[in-house]
Every structure is written in structure tokens, then in C-alpha cells.
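Asker: Next one to model:
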Amino acid sequence: MSNRRNNQLVVPQANQALDQLKYEVAQSLGVTLSQDGYYGNILTKDAGRIGGNITRQLVQIAEQQLAGQFGANR
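Answerer: This next block holds a predicted model:
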């Protein structure tokens, strides 16, 4: 199985913030992530929980930003 990533960030400078969010979410769920980038020891269930919570937080951040933009235009 190839270990290539097809996902590309729209804003490459956001990479560090996304990594930080990943570690914060994992820690809040009680999952320990390796700092070297190897995640082969993580259960699929835990990886899904981490990804789902990251997505939930990103959507929440976007909603807050949109609410602020539209709230300021009223």
C-alpha cells in the first residue's frame, strides 16, 4: 500500500495549526499520537474519532467566522 497523500491544503500555511488541532483533539479523547508522524499503532476507531472531532471543530470555527461577517453587515 502506498503512503502518499492526495489532500492538498488550500492555505499551506495552515498546516501547523491543523497539526496542533490534531494533537489537541487526540489528547482530549485520550489517544496518544506519535510525534514522528507514524500512526500505524492507532485503532481505526480512534482515528475516526479524531478526524470526526477535527471536522466538527473546523465547522464550528467556520460558522463563528461567518456569523461574525454577516453580523457585522446588518
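
Asker: How about residue 46, nearest residue that isn't a chain neighbour?
Answerer: residue 31 (4.8 Å; CB to CB, 6 or more residues apart in numbering). C-beta: built from backbone N, CA, C; applies to glycine.

Asker: right, and that neighbour touches residue 48 too?
Answerer: No: Residue 31 is not in contact with residue 48 according to CB atoms under 8 Å; the separation is 10.9 Å.

Asker: More neighbours: which of the two?
Answerer: Under the criterion of other CB atoms under 10 Å, the comparison of residue 31 against residue 48 puts residue 31 first, with 17 against 11.

Asker: so what's the more buried one up against?
Answerer: Counting by CB atoms under 8 Å, 6 or more residues apart in numbering, residue 31 makes contact with 42, 46, 49-50.

Asker: now swap in residue 16 and tell me
Answerer: When contacts are counted by CB under 8 Å, 6+ apart, residue 16 touches no other residue.

Asker: buried stuff in the helix or strand that contains residue 66?
Answerer: Secondary structure from DSSP states H and E places residue 66 in helix 44-72. Of the residues in helix 44-72, those with enough neighbours to count as buried (16 or more other CB atoms under 10 Å) are 46, 49-50, 53-54.

Asker: What helices and strands are in contact with that helix?
Answerer: helix 15-28 (3 or more CB pairs under 8 Å, 6 or more residues apart in numbering; DSSP states H and E).

Asker: buried sites along the helix it packs on?
Answerer: Neighbour-count burial for helix 15-28, with 16+ other CB under 10 Å as criterion, is recorded at 21-22, 25-26.

Asker: Just give me the closest of the buried residues of helix 44-72 to residue 68.
Answerer: Checking the buried residues of helix 44-72 against residue 68 with CB to CB, the nearest one is residue 54 at 21.4 Å.

Asker: Distance of the most centrally placed residue in the chain relative to residue 60?
Answerer: In the chain, the centroid-proximal residue (CA atoms, centre = their mean) is residue 54; its distance is 3.8 Å. As judged by CB to CB, to the nearest Å, residue 54 and residue 60 stand 11 Å apart.
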